[in-house]
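Engineer: give the three-dimensional model of this entry:
(one chain, ligands or ions: 2)
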Amino acid sequence: MSGSDLELSPTARARRRALASLARLAGTGAALPLIASLAASRARAQTGAPAPAAPTPAPPTRPAPQPGTRLVLLGTHGGPGIEQNRAETASAVVVDAVPYLVDCGYGSLRTLVGSTIGYQRLDTILLTHLHDDHTSDLPALLSHQWTGGAKRTPTDVYGPAGTAKLVAAALEFLRANVEIRTVDEGRTIDPATLFHGHDVAATASPTRVLADERVTVTAVESAHYPPRSTAKMSHRALAYRFDTKERSIVFTGDTAYSENIVSLAKGADLFVCECMAQSVYEQNLARAKEAEAAGNPVSVARHVAETHSTPGDVGRMAAKAKVKTVVLNHLLPGARQLGELDYALATFTDGVRAEFLGEVIVGQDLMVL
Ligand SMILES: [Zn+2]
Ligand SMILES: [Zn+2]
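Structural biologist: Ligands and ions are numbered 1, 2, ... in the order given. Next up is the predicted model:
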């Protein structure tokens, strides 16, 4: 941390880190002239000075793709809920400038744009499970990919059983828009030729989901739905592992402690894991007991307590899998309740560090690792 950083509030430090990360993601520094131009126009607005004559535009140049593998956290909010400070769950793995999206909760379309990844060149989406805090922006994303008009390559959406149906439903959501714009704007592309959903089997040991020249993705079933629920439904939840030339990155999705995930995550560079504070777990456990005593054994509180991970659970999985770095996301409590960020960091990290000796990072939206 620099000396000037020490004078900033935790929130200002977080914003500075996010901006620095964005500049690194842009690689070519393309984001920096935009920030400078915004600052200059704000300064003119304050002084009333006339705008300078527009310079002759430089010929357009396409920035060279930045090589390497990067993790971009797009949404780190825990659980379903809408707030200003964090988007619902979404992350991207960017390999040699090609993005792969993991989950697509509400707000991820905005943070995709904010991260400079954008949404038009996104061809691969993986859903860990079909809870709405992981899928809400999917219809909006596919819809805007079609309406944007520039997309010519397919978008493939992978996820557990029900994903193909979800994409078919998104096409149905799109239908009226497509009918109107086809008649009124002369559009010719049938969205059914662009958007494809794929159901992925939920297995105990790692199974290959996809492989291309940049990445291999494998999956296991996570421990987000207890046996009492999976006995009554076909829905399952998945964890994914990305292996590229340089790095391995594991996304647990939502889960309680899981031996399947330990086997998936063996030796991974980055272990991106959901996390609820120990106090959140204890509150929900107490509420679940009250609900059960009142005759309601299946409550939201029981779901939260039994099917998510405490910092200790995260640390035990990370230590047993011998991962290098833990990245906490899908954080409960969320940012709105956090108050002083530095205090909240310890509420997440202390429990992980009690079990795991490697690096622990508390995720924020637009963080690039
Ligand atoms: Zn969730
Ligand atoms: Zn969930």
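Engineer: look up how far Leu74 lies from the residue nearest to Gly107 when sequence neighbours are not counted.
Structural biologist: In this structure, Gly107 finds its nearest non-sequential neighbour in Ala87, 2.9 Å apart by C-beta to C-beta, 6 or more residues apart in numbering. (Glycine included, C-beta is placed from N, CA and C.) Applying C-beta to C-beta, to the nearest Å, the value for Ala87 to Leu74 is 6 Å.
Engineer: need the overlap of contacts for the two.
Structural biologist: Ser108, Thr111, Asp365 (C-beta atoms under 8 Å, 6 or more residues apart in numbering).
Engineer: neighbours of the first one, just the number please.
Structural biologist: Ser108 sits with 30 neighbouring residues when counted by other C-beta atoms under 10 Å.
Engineer: now do the same contact list for it.
Structural biologist: For Ser108, the contact set (C-beta under 8 Å, 6+ apart) comprises Leu74, Gly75, Ala87, Glu88, Thr89, Ala90, Leu101, Asp137, Leu141.
Engineer: got it, and Arg110?
Structural biologist: By C-beta under 8 Å, 6+ apart, the residues touching Arg110 are Ala87.
Engineer: the residue in the stretch 51-200 of the chain positioned nearest to ligand 1: what secondary structure?
Structural biologist: For the stretch 51-200 of the chain, the residue closest to ligand 1 is Asp133, as judged by C-beta to the ion, at 4.5 Å. Secondary structure, DSSP: H, G, I helix; E, B strand; the rest coil: Asp133 is helix.
Engineer: wait, it sits on Gly79?
Structural biologist: Yes - using C-beta atoms under 8 Å, Asp133 is in contact with Gly79, at 6.1 Å.
Engineer: quick one, grab the pLDDT at whichever residue of the stretch 251-369 of the chain sits closest to ligand 1.
Structural biologist: Going by C-beta to the ion, ligand 1 is nearest to Asp254 of the stretch 251-369 of the chain, at 4.3 Å. For Asp254, the pLDDT comes out at 97.
Engineer: list the contacts for it?
Structural biologist: With the criterion set at C-beta under 8 Å, 6+ apart, Asp254 makes contact with Thr128, His129, His131, His134, Ser222, His224, Ala237, Glu274, Thr307, His308, His330.
Engineer: helix, strand or coil for it?
Structural biologist: At Asp254 the chain is in coil, as set by three-state DSSP.
Engineer: distance of it relative to ligand 2?
Structural biologist: 4 Å (C-beta to the ion, to the nearest Å).
Engineer: how about Val157?
Structural biologist: In terms of C-beta to the ion, Val157 sits 17 Å off from ligand 2.
Engineer: likewise for Thr310?
Structural biologist: Distance from Thr310 to ligand 2, by C-beta to the ion: 16 Å.
Engineer: all strands for the stretch 201-350 of the chain, in order.
Structural biologist: 207-211, 216-221, 238-243, 248-251, 270-276, 325-332 (DSSP state E, counting those that start in this stretch).
Engineer: who in the stretch 101-250 of the chain is up against ligand 2?
Structural biologist: Residues of the stretch 101-250 of the chain lying close to ligand 2 (C-beta under 5 Å from the ion) are His131.
Engineer: show me what counts as buried in stretch 284-302.
Structural biologist: Asn284, Arg287, Ala288, Ala291, Ser299, Ala301, Arg302 (16 or more other C-beta atoms under 10 Å).
Engineer: quick one: end-to-end distance for it.
Structural biologist: The first residue of stretch 284-302 is 7 Å away from its last residue (C-alpha to C-alpha, to the nearest Å).
Engineer: by how many degrees do the helix ranked longest in the chain and strand 238-243 diverge?
Structural biologist: Ranked by number of residues, the top helix in the chain under DSSP state H is helix 163-185. Helix 163-185 and strand 238-243 are oriented at 80 degrees to each other (axes from the mean of the first three to the mean of the last three C-alpha atoms, to 10 degrees).
Engineer: give me the next element, helix or strand, following helix 163-185.
Structural biologist: Using DSSP states H and E, the helix or strand that follows helix 163-185 towards the C-terminus is strand 195-199.
Engineer: give me the contact list for that next one.
Structural biologist: For strand 195-199, using C-beta under 8 Å, 6+ apart, the contacting residues are 142, 145-146, 154-168, 170-171.
Engineer: same deal with stretch 76-88?
Structural biologist: With C-beta under 8 Å, 6+ apart, stretch 76-88 has contacts from 74-75, 89, 105-108, 110-111, 131-134, 136-137, 274-276, 304, 329-336, 363-365, 367.
Engineer: give me the phi and psi angles of the residue nearest the centre of the chain.
Structural biologist: Central residue of the chain (C-alpha atoms, centre = their mean): Ala90, 1.8 Å from the mean position. Here is the backbone geometry of Ala90 (degrees, to the nearest 10): phi -170, psi 140.
Engineer: and the nearest residue to it once chain neighbours are set aside, what's its pLDDT?
Structural biologist: Once flanking residues are discounted, Ala90 sits nearest to Ser108: 3.4 Å by C-beta to C-beta, 6+ apart. Predicted confidence (pLDDT) for Ser108: 95.
Engineer: tell me the contacts of the residue of the stretch 51-200 of the chain closest to ligand 1?
Structural biologist: Asp133 touches His77, Gly79, Pro80, Gly81, Glu88, Thr89, Gly105, Tyr106, counting by C-beta under 8 Å, 6+ apart.
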